[in-house]
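In: Just a sequence and a predicted model for now, questions to come.
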Amino acid sequence: MRFRHHVFVCENRRPADDPRGSCACKGSEAIRRALKEELNRRGLKGQVRANAAGCLDACAYGPSIVVYPEGIWYGHVTVEDVPELVERHLVGGEPVARLMVPELNRRSG
């Protein structure tokens, strides 16, 4: 496996007057920049990939992030949350419960 984790950060941008809102308008671009900086600072470049994503259909929870291979969805993430996400989830393997979106993390079956 080339990467241990793929982190997709929604950077979808809708018009400011769209009632659904959009993750980019809520600061997701800065979150992805901070994520990339933190991964580089921690020496995780090449192990964890921070990707910009188009619409993840979760803007109501935005800025939204999904981490694979676990398929863990995070919502209402801020730049300040990035070091905790990296340390606890991407390094320690423990999802950050306070940022998880319960409706998106339910597993069927």
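Out: Arrived safely.

In: Any idea how many residues pack against the residue nearest to Ala24 when sequence neighbours are not counted?
Out: The shortest distance from Ala24 to any non-neighbouring residue, by C-beta to C-beta, 6 or more residues apart in numbering, is to Arg13 (3.8 Å). For glycine as for every other residue, the C-beta is placed from the backbone atoms N, C-alpha and C. Using other C-beta atoms under 10 Å, Arg13 has 15 other residues around it.

In: Ok, Ala58 next?
Out: Counted with other C-beta under 10 Å, Ala58 comes out at 20.

In: So the residue nearest to Ala24 belongs to a helix, correct?
Out: No: counting by DSSP: H, G, I helix; E, B strand; the rest coil, Arg13 is not found in a helix; it is coil.

In: you'd agree it is up against Cys25?
Out: Yes: counting by C-beta atoms under 8 Å, Arg13 does reach Cys25; the two are 6.5 Å apart.

In: pLDDT weak spots in the chain?
Out: Residue ranges of the chain with pLDDT under 70: 1, 107-109.
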